[in-house]
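Chemist: Next one to model:
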Amino acid sequence: MKKIKTTLVLVGGVALALVAAYNVLLSNEAKESLRNGARAVKDACDKVCDAVNESYGVVMDDNLPNREKTEQQWSNLGYYNIKS
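Modeler: Numbering: from 1, shown residues only. You can find the predicted model right below:
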């Protein structure tokens, strides 16, 4: 238990130091550059994931023949479909 607590305190301290360094030490241009870099990495990962999913046939079509009936059955059981 002590090892877990020490690890959590260490991770929290490092995270706090990184947030403080980001807010205090970086200029607005550097912050924007980091945001753009992170956005570019995310977009690249999304493209790779989409390509892999398409090649393996993981992508499901939303217009399945029994989808409405199945959603109605789940709704009748008390589960609600939350669409964003």
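
Chemist: Next one: the residue nearest in space to the middle of the chain from C49, what distance?
Modeler: The centroid of the chain falls nearest to K42 when counting by C-alpha atoms, centre = their mean (9.5 Å). Distance, K42 to C49, by C-beta to C-beta, to the nearest Å: 10 Å. Glycine gets a C-beta too; all of them are placed from N, C-alpha and C.

Chemist: same question, V14
Modeler: 28 Å.

Chemist: For D62, give its distance to V48.
Modeler: Distance from D62 to V48, by C-beta to C-beta: 22 Å.

Chemist: the more surrounded of the two?
Modeler: V48 (10 against 5; other C-beta atoms under 10 Å).

Chemist: how much space between the more buried one and V9?
Modeler: Taking C-beta to C-beta, one finds V48 at 36 Å from V9.

Chemist: ok, now N53?
Modeler: Applying C-beta to C-beta to N53 and V9 gives a distance of 39 Å.

Chemist: Off-centre distance for the host helix or strand of N53?
Modeler: Element membership for N53, per DSSP states H and E: helix 28-56. In terms of C-alpha atoms, centre = their mean, to the nearest Å, the centre of helix 28-56 is set 12 Å apart from its chain centre.

Chemist: next SSE after that helix?
Modeler: According to DSSP H and E, the helix or strand after helix 28-56 is helix 67-76.

Chemist: Helix, strand or coil: sort out G78 for me.
Modeler: coil (DSSP: H, G, I helix; E, B strand; the rest coil).

Chemist: Next, count neighbours for it.
Modeler: G78 has 6 nearby residues by other C-beta under 10 Å.

Chemist: Dihedrals phi and psi, it?
Modeler: phi 110, psi 0 (degrees, to the nearest 10).

Chemist: any idea how far it lies from S33?
Modeler: Per C-beta to C-beta, G78 is found 49 Å from S33.
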